[in-house]
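Peer 1: With the input below, show me the fold.
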Amino acid sequence: MEKATEPETPGIYTGVLGIVQWLDMLTNNAKNNARDRYPGWAHHHIGEILKTYGRVFHPESALPVENPGPSRRCFHNSMEATFAHDHLTYVEGFASAFFPTEHAWCADASGSLYEPTWDKPGTAYFGIPFKWEAVAQANETNHFIGGGFVLGTPLMIEWMQHGFDESLLVDIGEPLPTATNA
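Peer 2: Numbers count the residues shown, from 1 in each chain. Coordinates of the predicted model:
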């Protein structure tokens, strides 16, 4: 996945920049401690993985999901929608309505966003689009160590230790602009 150099729609990047700044704050606070405790690891915080592999999704083009799920169940709702609709991909990361929050949504092959949980789309979406195999693998572990469905399982610890498995990504959404990813 290549990084874009100039944003095609600059307005959306204000919200994404807020998410990236939030991730930077979380990452910088945790990374220094983790480097000492886990010196040989490929990544020391989930924020590093999100900034490297995350994609931008545009809320202004959000499409409705038939039978959206209950609020506060975004990971489950997105997994259910992806399972029910072959053309959708599960995406997990952060979205922003008032402030960045861990969130999951769906996207189709063109990168169009489908919001299966919130009544109104957020202002910015930044996350990792996963192949169904990653979602199924996370579901099979049935062991969650943090927020998120895929990113909150022991798979994330494995990826932080040994490196992220890029074969589980779907190439949709827009790369984070280079200037934003500094």
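
Peer 1: Poorly predicted segments of the chain, please.
Peer 2: For the chain, the stretches flagged by pLDDT under 70 are 1-13, 67, 142-147, 179-182.

Peer 1: tell me the residue furthest from the middle of it?
Peer 2: D36 (26.7 Å; Cα atoms, centre = their mean).

Peer 1: Helix or strand for it, just tell me which one.
Peer 2: helix 10-37 (DSSP states H and E).

Peer 1: Then S71?
Peer 2: Going by DSSP H and E, S71 is not in any helix or strand.

Peer 1: wait, isn't it in contact with W118?
Peer 2: Yes. Using Cβ atoms under 8 Å, S71 is in contact with W118, at 7.3 Å. C-beta coordinates here come from the backbone N, C-alpha and C atoms, glycine included.

Peer 1: Looking at those two, which one has more neighbours?
Peer 2: W118 (17 against 10; other Cβ atoms under 10 Å).

Peer 1: Verify the contact between the more buried one and R72 for me.
Peer 2: No. W118 is beyond contact range of R72, at 10.1 Å (criterion: Cβ under 8 Å).

Peer 1: For the chain, which segments count as strands?
Peer 2: In the chain, the segments counted as strands under DSSP state E are 55-57, 89-96, 100-107, 113-114, 124-130, 174-175.

Peer 1: Give the partner strands of the third one in its sheet and their orientations.
Peer 2: The reference is to strand 100-107. strand 89-96 (antiparallel), strand 113-114 (antiparallel) (DSSP bridges).

Peer 1: looking at those strands, which is buried most?
Peer 2: Mean neighbour count, computed with mean count of other Cβ atoms under 10 Å, is highest for strand 89-96 among these, reaching a mean of 26.

Peer 1: That one: how far from the chain's middle?
Peer 2: Chain-centre distance of strand 89-96: 4 Å, with Cα atoms, centre = their mean, to the nearest Å.

Peer 1: do the same with stretch 160-169
Peer 2: On Cα atoms, centre = their mean, the centre of stretch 160-169 falls 14 Å from that of its chain.

Peer 1: Just the buried positions in it, please.
Peer 2: M160, F164, L168, L169 (16 or more other Cβ atoms under 10 Å).

Peer 1: So which of the strands of the chain is nearest P64?
Peer 2: If you check each of the strands of the chain against P64 by Cβ to Cβ, strand 113-114 wins as the nearest, at 7.5 Å.

Peer 1: For the closest one, give me every contacting residue.
Peer 2: 57-59, 61-65, 81, 88, 105-108, 121, 125 (Cβ atoms under 8 Å, 6 or more residues apart in numbering).

Peer 1: Recalculate using a threshold of 6 Å.
Peer 2: F57, A62, L63, V65, W105, C106, A107 (Cβ atoms under 6 Å, 6 or more residues apart in numbering).
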